[in-house]
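# below are the sequence and a predicted model; questions follow.
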Amino acid sequence: MKAYTNTTFQDRASQAAEAKQRKIEMLRKKPPVDRAAEEARVASQARREAAEAEKRANRKAAEEAARQAALDEKKAAEDAEAERLAKIKPELTEEERKAARDARYAARKARR
């Protein structure tokens, strides 16, 4: 383990400046960007983004189709239930029963 040495501010400042200079030199030694490689990378990224956008659009269309199918199925079930209820003969009210009884009575009288 490195022993701690009591350094002055000047020592620490010069070490920081040297470290900064080393970083700058490393960046200068970095090879220049190849235009063709950069263009290929950008084109690849554009193709990838287009494919992802198409996938999202297809997924959204499929979800919309499924939602619409569910709505259509629900509407068909409601229509079938309404049709079934329409076929059921409703209970007659008191006035309707009285009118039917009177009509039967009048028909009986008319036959005599």
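Right, received. Where do you want to start?

# so which strand or helix has Ala100?
Taking DSSP states H and E as the criterion, Ala100 maps to helix 94-111.

# give me the residues contacting that helix.
For helix 94-111, contacts defined as Cβ atoms under 8 Å, 6 or more residues apart in numbering pick out Leu92. From N, CA and C alone the C-beta is placed, and that goes for glycine too.

# go through it and flag the buried ones.
Buried residues in helix 94-111, counted by 16 or more other Cβ atoms under 10 Å: none are found.

# quick one: contacts of stretch 74-93?
Here stretch 74-93 has contacts from Ala100, using Cβ under 8 Å, 6+ apart.

# and the gap between the residue minimising distance to the centre of the chain and Arg47?
Closest to where the C-alpha atoms of the chain average out (Cα atoms, centre = their mean) is Lys60, at 6.8 Å. Distance, Lys60 to Arg47, by Cβ to Cβ, to the nearest Å: 20 Å.

# where does the protein dip in pLDDT?
1-4 (pLDDT under 70).

# ok, Arg112 to Asp102 distance?
16 Å.

# also Thr93?
Distance from Thr93 to Asp102, by Cβ to Cβ: 14 Å.

# swap in Lys30?
On the measure of Cβ to Cβ, Lys30 and Asp102 end up 107 Å apart.

# before we move on, what about Ala110?
The value you get for Ala110 to Asp102, if Cβ to Cβ is used, is 12 Å.

# so Lys89: helix, strand or coil?
The assignment at Lys89 comes out as coil when based on DSSP: H, G, I helix; E, B strand; the rest coil.

# before we move on, back to that, can you pull the contacts of the residue nearest to the centre of the chain?
Contacts of Lys60 (Cβ under 8 Å, 6+ apart): none.

# quick one: Lys30 from Glu18, how far?
19 Å.

# those two: who's more crowded?
Under the criterion of other Cβ atoms under 10 Å, the comparison of Lys30 against Glu18 puts Glu18 first, with 10 against 7.

# for the more buried one, phi and psi?
Torsion angles at Glu18 (phi, psi; degrees, to the nearest 10) stand at phi -70, psi -40.

# that one: what's it in contact with?
Contacts of Glu18 by Cβ under 8 Å, 6+ apart: none found.
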